[in-house]
Structure formats: C-alpha cells, structure tokens
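Peer 1: I'll drop the sequence and a predicted model, then ask my questions.
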Amino acid sequence: MIDCSTGSIEPFVPDAERPWNKQRVQHLYRRMGFGADLPTIEAALAQSPGALVDSIINNALAQPLSPQPPWAFWSLSNYQNQEQAVAQIFEWRRVWMRDMLNTGFRGKLTLFWHNHFVTRLETYGCPSYFYQYHKVLQEHALGNFREFTRAVGLTPAMLVFLNGVQNTRFSPNENYARELYELFTLGADNGYTQQDIVNTARALTGYNGLSEYCAPISFVQAFFDPLPKTIFGQTGNWGYNDVVNILFQQRSAQIAHYICSKIYRYFVSPQVDEDIVAQMAATFQANNFQLVPVFRQLFKSEHFFDDNIIGVAVKSPLELLLTFTKETSYPGPSDEEIDGLLYLSAELGQDLSNPPDVAGWQGNRSWINSNTLTGRWQAVRYIDYLLYVSYPTLLVNFAKNLSNDSNDAALVSRLITDHFLSKEMQFETDYERALMVFKAEIPENYYATGQWNLNWPTAAAQVALLLDHLLRKPDFQLF
C-alpha cells in the first residue's frame, strides 16, 4: 500500500483548499470517539480545530471514573450462586458500553488500551477482577504510560491471565515477562534477549497471595526470588518496580517509537508514516511518557486532517455499531438494546472483554471477509429497523435538522448520504441511485411540484430505506 498522506505534525490551519468543514469535524469525532450528533457537530464548527481538540481532551481528563459497584471486591465466598456473577458481568459490560457512547474520547481510549494491555474475561472469570481491570484502563488512559504499565501488571485480571499468580521463585513462569516486552512496551525482538526475559520473570515473582478465588492477590515474600538478576545489563536484587524503572530508563527510545506507532496505526492510518511517528515519539520522551502531549500534538496536526487520512481505516464492529447509534441520535439505549449491540459485535468478531488472544484484535482489514461483511450489513440494518419501528419521529427530525426541513428530496438524500460516509461519493450516478431509493414508490409528480415534504407519513420509512441502502456501500465500512 502506498501512503498518499501529506502534511506535517504542525497544527492544522484551515484555508481555501483545506477548509474547516463538517467532513473534518466528523473525521475528528469518529477517530477520537464514536462519532457525534448534529448539535455537537454544529457547535464544533464554531471552534478552531486546535481549540476543539483541546476541549475534547480536557473533557476526557475531567470525566469521573465509572462509579464503583457494590461487588467491586467480592470474592467467591460472597456469592450465593453463579447467576449473581453472570449478572454482574453483564452489568459491567453495559457500563463499559455506555461509557464509550457517552464519554467519547475517554471511552475510545479505554477500548484502545484494552486491546493493548490485553486480558480475557473468559480466562479469569471474576466480576471483581473485571471491574478493577477496567478501572485501571479508565484511570490511566490519558496518564503516564510508565505508571500505566506498572499498574496494569498488578491487576488480578492480568496476574491470572498471563500466569503471574503462578510465577514463583520455585517455578518461574515467563509468560508475563515475555509479553511485557514483546507486546506491551518494546515490540517483538526489539532490544531484549531471552536472558532478559528469564531474569525479568524472576524479578516479577511473589504476587501469589490468593486466599480464595476472586479475592485480592497480594505479594508473598516467601515466593519472591531474592537472588541477583541481570536485566538490560543491570544487576541487582530486582523486584517488580525495578523492572518497570529499568525498562523505561534503558529502552525509552524503543518504547516511545513502539507505542507511538501503535497510536498512529489505530487513530490515524494503518499505513504508518515513520516521520510523523518519530516526532510523536520525541514528544513522548520529552514529556516523560505523559500521553496527553502526544495526543494533543497528533490530533491538532495538519497531517491528521489531511484528505488522504480521512476514510482509510475499516471500522471495528464496535466502532461500526456505536458510531451509527451515535450519529443517528439513537436514544438510550436500554439495557436490552446494549446487550443486543454487545451480541452483534461479538458475532462480528469483537467480543468486548474477550479479545482472541494476548495479541488482541488485529483490526482494519482483518474485520472484513465474505462472512463478516454480510453480517455487518445485517447488524446495522437491525439498528436501522429498530429506529424505524420504535423511533420513527427521530428519523424524521434527524432529516429535518440535517436539511433545515427542506422539501427538496435530492438535497435531503445527498445530505443524509454525506452525513454517514467519510467522503463524498465518487460519481454523481451514486447520488442518483441513493435518491431513487429515498424517493421510494412515491409518484414523481409529487416531488416535481414540491408537494412532498418531510411531514409526509412516508418520510420515516424513506429515511430508513436510504440508510439501508447506504450501509451496504463499501465506504460505509470506512472512517
């Protein structure tokens, strides 16, 4: 693939050739979150790009964590039956989904970091561990990456998933040590040796104190290896915190490049621009691994707003479903509807809280194949159908607000089309086909004489039919 993007890391300044318009605002909200409704888009257009980015990030920093549930630290003995645990897991998955819908950037980051510091709920199984892991993702999503790495490795979810709870001086387990370097900080084969892994595993021993299942996991001195270890050329009686400190001191450049490459690939383009990443990495190091300066620099850049960056990535199932929900101003949703979205996403390959393995979802083109493409159509069609059946007035009001209540069917159809696609359709004939779908079976003379308008009883069905047409367009899968 050839990277056609241009633009530097310098702040984007709109001009006649690159205007600050709805397309770029939606691009920003889709990448930094899961889209935006019309009032949010209109308010954003009144701000400068830099001020809007600062506002989105500042709002994310100010958002409180999801409220702690009563069962946040329950152990096995607190449960009367298994149904309680199942209900709590469903409850927190709904909390997570609503957080993504309602908090935008913080929610998007939590999903991103979940696919970086991967754990699988199916492996550790405890609602309390699930909550504590999710809390760390929220808490550190815009914090210091070094401290994020330090915190997530001691979550019970991670200690169970990558066998830290089984890692003792008597029987070292290298699983977490290997993934700490290969997947979480450095990247595969990037500045570490097998001996570094062996000695790191020894330094990470001792977190084995588990009184009963789902209980807190404490440090047990008797299981810690007290002998000297050599990690990245430094020898000492290293423990957990020493590993993190040495790693970030000795391999800061590799960490900065690896993490910034991953941020770029997820939030900008699957095709990495090494020059942009190098400048992001320099900012990351200069700010002692604080994440906020990197995100401010990236999302304000002219590179991010380049035309060739818009609409080049495939939406994940959650991005597909949540963005459509957000951009149609779908109310709620109810618990049952949230469960439906979770089910649909899992069927499409993205089961929230259960990535396929420690490497996570591979993303982009891996989401699309002959089986999942039709499934993606059907999933969005299901939401479209629910909107039409349960909220027909919402569809009509959406079209009215978008078009200033126009009775020009061609204008209404074009505005709806452009609202849901990242870029304008390539050919005018594509708009003409969309218009034919939108006009449905209403005789042409009603349009020609201006009698038709969005107050007609057919309007909700017409909008739903157009959405059904658009969701099968290849561009609908991109953002």
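Peer 2: Received it, and whenever you're ready, just let me know what you need. Numbering: from 1, shown residues only.

Peer 1: can you show me the helices along the stretch 51-200 of the chain?
Peer 2: 82-103, 105-114, 121-124, 127-140, 145-152, 156-161, 175-179, 194-203 (DSSP state H, counting those that start in this stretch).

Peer 1: pick the most buried one from these.
Peer 2: Ranked by mean neighbour count, the helices of the stretch 51-200 of the chain are led by helix 156-161 with a mean of 24 (mean count of other CB atoms under 10 Å). In short, each C-beta sits where N, CA and C put it, glycine included.

Peer 1: can you list contacts of that one?
Peer 2: Contacting residues not belonging to helix 156-161 are listed as 117-121, 123-124, 126, 128-130, 132-133, 152-153, 164-165, 176, 207, 214, 216-217, 358 [CB atoms under 8 Å, 6 or more residues apart in numbering].

Peer 1: likewise for stretch 446-454?
Peer 2: By CB under 8 Å, 6+ apart, stretch 446-454 touches 396, 399-400, 403, 405-407, 409, 412, 439, 442, 459.

Peer 1: got a PyMOL select line for the buried ones in the residues you listed?
Peer 2: Entered in PyMOL, the line below selects the buried ones among the contacts of stretch 446-454, by 16 or more other CB atoms under 10 Å:
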select buried, resi 396+399+400+403+409+412+439+459
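
Peer 1: reformat the contacts of stretch 446-454 as TSV; add pLDDT.
Peer 2: Shown next, in TSV, are the contacts of stretch 446-454 (pLDDT from 0 to 100):
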residue	pLDDT
V396	98
A399	98
K400	98
S403	98
D405	98
S406	98
N407	97
A409	98
V412	98
K439	98
I442	96
A459	98
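
Peer 1: of the contacts of stretch 446-454, closest to F224?
Peer 2: Closest approach between the contacts of stretch 446-454 and F224, by CB to CB: A399, at 64.6 Å.

Peer 1: helices or strands up against the one helix or strand that closest one maps to?
Peer 2: Taking DSSP states H and E as the criterion, A399 maps to helix 392-403. Taking 3 or more CB pairs under 8 Å, 6 or more residues apart in numbering; DSSP states H and E as contact, the helices and strands that helix 392-403 lies on are helix 38-45, helix 370-390, helix 409-420, helix 459-470.

Peer 1: and the second one with helix 392-403, angle?
Peer 2: Think helix 370-390. Comparing the axes of helix 370-390 and helix 392-403 via axes from the mean of the first three to the mean of the last three CA atoms, to 10 degrees yields an angle of 100 degrees.

Peer 1: and helix 370-390, how far out from the chain middle?
Peer 2: Its chain's C-alpha centre and that of helix 370-390 lie 21 Å apart, by CA atoms, centre = their mean, to the nearest Å.

Peer 1: okay, the angle between it and helix 409-420?
Peer 2: 120 degrees.

Peer 1: what packs against helix 370-390?
Peer 2: Partner elements for helix 370-390 (3+ CB pairs under 8 Å, 6+ apart): helix 317-327, helix 335-347, helix 392-403, helix 459-470.

Peer 1: among those, which comes closest to L61?
Peer 2: helix 317-327 (21.0 Å).

Peer 1: break the protein down into its domains, please.
Peer 2: Split into domains by automatic domain parsing, the chain comes to 22-62+252-309, 317-477.

Peer 1: of these, which is nearest R98?
Peer 2: Closest among these, using CB to CB: domain 317-477, at 6.9 Å.

Peer 1: and W367, how close does it get to G349?
Peer 2: 7 Å (CB to CB, to the nearest Å).

Peer 1: joint contacts of those two?
Peer 2: With CB under 8 Å, 6+ apart, W367 and G349 have common neighbours P317.

Peer 1: more neighbours: which of the two?
Peer 2: Taking neighbours as other CB atoms under 10 Å, W367 and G349 compare with W367 leading, 22 against 19.

Peer 1: so what's that one up against?
Peer 2: By CB under 8 Å, 6+ apart, the neighbours of W367 are 314-317, 348-350, 376.

Peer 1: go again using 10 Å as the cut-off
Peer 2: 313-317, 319-320, 348-350, 361, 373, 376, 477 (CB atoms under 10 Å, 6 or more residues apart in numbering).

Peer 1: thinking again about what came up before, and the helices of the stretch 51-200 of the chain: which comes nearest M280?
Peer 2: helix 145-152 (12.4 Å).

Peer 1: now that closest one and helix 105-114, what's the angle there?
Peer 2: Going by the same axes, to 10 degrees, helix 145-152 makes 70 degrees with helix 105-114.

Peer 1: tell me what helix 145-152 is packed against?
Peer 2: helix 105-114, helix 127-140, helix 240-250, helix 252-267 (3 or more CB pairs under 10 Å, 6 or more residues apart in numbering; DSSP states H and E).

Peer 1: run the chain-centre distance for it.
Peer 2: The mean C-alpha position of helix 145-152 is separated from the chain mean by 19 Å, CA atoms, centre = their mean.

Peer 1: for it, C-alpha coordinates in PDB please.
Peer 2: The C-alpha coordinates for helix 145-152 follow below in PDB (Å, rounded to 0.1, in the frame of the first residue of the first chain):
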ATOM      1  CA  PHE A 145       2.400   5.400  30.300                       C
ATOM      2  CA  ARG A 146       5.100   4.200  32.600                       C
ATOM      3  CA  GLU A 147       2.800   4.300  35.600                       C
ATOM      4  CA  PHE A 148       0.000   2.700  33.400                       C
ATOM      5  CA  THR A 149       2.400  -0.200  32.700                       C
ATOM      6  CA  ARG A 150       3.200  -0.500  36.300                       C
ATOM      7  CA  ALA A 151      -0.400  -0.500  37.400                       C
ATOM      8  CA  VAL A 152      -1.900  -2.900  34.900                       C
END
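
Peer 1: which residues are contacting that helix?
Peer 2: With CB under 10 Å, 6+ apart, helix 145-152 has contacts from 113, 116-117, 119, 133, 135-137, 139-144, 158, 180, 184-185, 240-241, 243-245, 247-249, 252, 255-256, 259, 284, 288-291, 294.

Peer 1: drop anything exposed from those.
Peer 2: By 16+ other CB under 10 Å, those give 113, 116-117, 119, 133, 135-137, 140-142, 144, 158, 180, 184-185, 240, 243-244, 247-248, 252, 255-256, 259, 284, 289-291, 294 as buried.

Peer 1: so what's Q68 up against?
Peer 2: Contacts of Q68 by CB under 10 Å, 6+ apart are 131-132, 135.

Peer 1: next, the buried residues of stretch 225-242.
Peer 2: 225, 229, 231-232, 238-240, 242.

Peer 1: now, which of those sits nearest E336?
Peer 2: Nearest member of the buried residues of stretch 225-242 to E336, counting by CB to CB, is Y240, at 42.9 Å.

Peer 1: with adjacent residues omitted, what lies nearest to that closest one?
Peer 2: Excluding its sequence neighbours, the residue lying closest to Y240 (CB to CB, 6 or more residues apart in numbering) is L204, at 5.7 Å.
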